[in-house]
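Asker: heads up, no residue letters with this:
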């Protein structure tokens, strides 16, 4: 009986816990929507810096860049809080008063982290700065929580800052108005940035090439990112797709291999698309043009043929079907001798020889000619021997004649 009572008690406890969790899960969205706002004040301060928590990034103006009035300060703040709590955002120019910012272009509250009550809050804001004097200026964005203190102790008032960002810029022609809307500014700097490192705009002597590129974008504004490429106008090949997080500018690297490239000219285009939660889609593309040449140069009409030459000086000429970066010949397997063009082989020894001509085209393909075997004729010694014999015979005949002549005179 006691065991039964214990079992019933445990069951009741389990049911109560289950009901509590169910009610909590149903009330969480309502709690998030009903979170108390931070103190509604026009200015914030005095500043007390806390250990970093959350992030701030200024999208515009760009650091060390000149502008004309009026300037749009566009920024993102990202913070984490229990049940979606979000503090105070402020902006200061040139280290002056910190003005509170409560009007946001958009605000995102999403569940994040291992605990169900932990949320990530991201806001996008645009503030029109007052007319500024010509010269250098700074703008600082703050995120933290303003405490108002109490009447009995006003010194407790403070602005506890856990994230901030500062930008340096210059103003020129301060009397010129150049007002632009926040959205138009956003579309200009939220476009994905594509950088293709390989292949480059050149020729290659291989049918397989690495495709290496990066895509950068403001990650905190993105809900989804994808990249793809197209070769020679064919269908796009998607490489990645997925949800993004974190406030920093993210640079994603893509490294793959493109094979079965035919010889000839090719066009490659990389596309990137980013879906932003504040104004839908932003896309960009980047293209390169390259060529593939895997065919070696053809060496033809070699002047030296498989035959016998009398002269020890033999002209060497040939034709190439394309431009060459290097030409050489190898005589009798003694190693390559670099050529600048047609030449004459001088002082060749008499006897047998072989020659091969080599050429590299501008992308490194090496071609070679057919080996030619030729001979430099030995000197012809047979006619000289006949001349000597004839000379000797003539001397003998003359001597015999004189002998006969003198013998007759004596008689």
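Answerer: Now that the structure is in, tell me what you want to look at. Note that this is a predicted model, so its numbers are computed, not measured.

Asker: low pLDDT regions in the stretch 201-350 of the chain?
Answerer: In the prediction, the stretch 201-350 of the chain carries residues with pLDDT under 70 at positions 218-223, 241-249, 276-280.

Asker: Distance check, residue 166 against residue 70.
Answerer: Computed with C-beta to C-beta, to the nearest Å, the distance linking residue 166 and residue 70 is 20 Å. Where you see a C-beta, it was placed from the backbone N, CA and C, and this is true even at glycine.

Asker: nope, residue 77 is what I was after
Answerer: 22 Å.

Asker: the more surrounded of those two?
Answerer: The residue with the greater number of neighbours, taking residue 77 and residue 70 and applying other C-beta atoms under 10 Å, is residue 77; the counts read 27 against 15.

Asker: downstream neighbour of the helix or strand hosting the more buried one in the secondary structure list?
Answerer: Secondary-structure element containing residue 77, defined by DSSP states H and E: strand 72-82. On the C-terminal side of strand 72-82, the closest following helix or strand by DSSP H and E is strand 88-93.

Asker: for the record, mean pLDDT for that next one?
Answerer: Strand 88-93 shows a mean pLDDT of 97.

Asker: Use 57 as the first number from now on
Answerer: Understood, numbering begins at 57; the last thing we discussed is strand 144-149.

Asker: hey, where'd the strands end up in the stretch 157-306 of the chain?
Answerer: Using DSSP state E, counting those that start in this stretch, the strands of the stretch 157-306 of the chain run over residues 162-167, 174-184, 191-203, 214-227, 249-254, 259-260, 265-274, 278-287, 293-298, 305-314.

Asker: Rebuild the ones you listed as TSV, extending it with mean neighbour count.
Answerer: As requested, the strands of the stretch 157-306 of the chain are arranged in TSV below (neighbours: other C-beta atoms under 10 Å):
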stretch	mean neighbour count
strand 162-167	15
strand 174-184	20
strand 191-203	20
strand 214-227	18
strand 249-254	16
strand 259-260	16
strand 265-274	20
strand 278-287	18
strand 293-298	12
strand 305-314	14
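
Asker: and residue 425, which of those is closest to it?
Answerer: strand 259-260 (23.3 Å; C-beta to C-beta).

Asker: what does that closest one contact?
Answerer: 346, 347, 348, 349, 418, 419 (C-beta atoms under 8 Å, 6 or more residues apart in numbering).

Asker: And it, how far out from the chain middle?
Answerer: The gap between the average C-alpha position of strand 259-260 and the chain average comes to 18 Å, counting by C-alpha atoms, centre = their mean, to the nearest Å.

Asker: Okay, now the sheet partners of it, with direction.
Answerer: strand 336-348 (parallel) (DSSP bridges).

Asker: in its sheet, what does the helix or strand following the strand it pairs with sit against?
Answerer: Once strand 336-348 ends, the next helix or strand along the chain (criterion: DSSP H and E) is strand 355-356. Strand 355-356 has the following strand partners under DSSP bridges: strand 375-376 (antiparallel).

Asker: going on from the strand it pairs with, what's the next piece of helix or strand?
Answerer: Along the chain past strand 375-376, the next helix or strand (assigned with DSSP H and E) turns out to be strand 380-387.

Asker: list the buried ones in that next one?
Answerer: By 16 or more other C-beta atoms under 10 Å, the buried positions in strand 380-387 come out as 380, 383, 385, 386, 387.

Asker: Since that was my last question, I'll sign off now.
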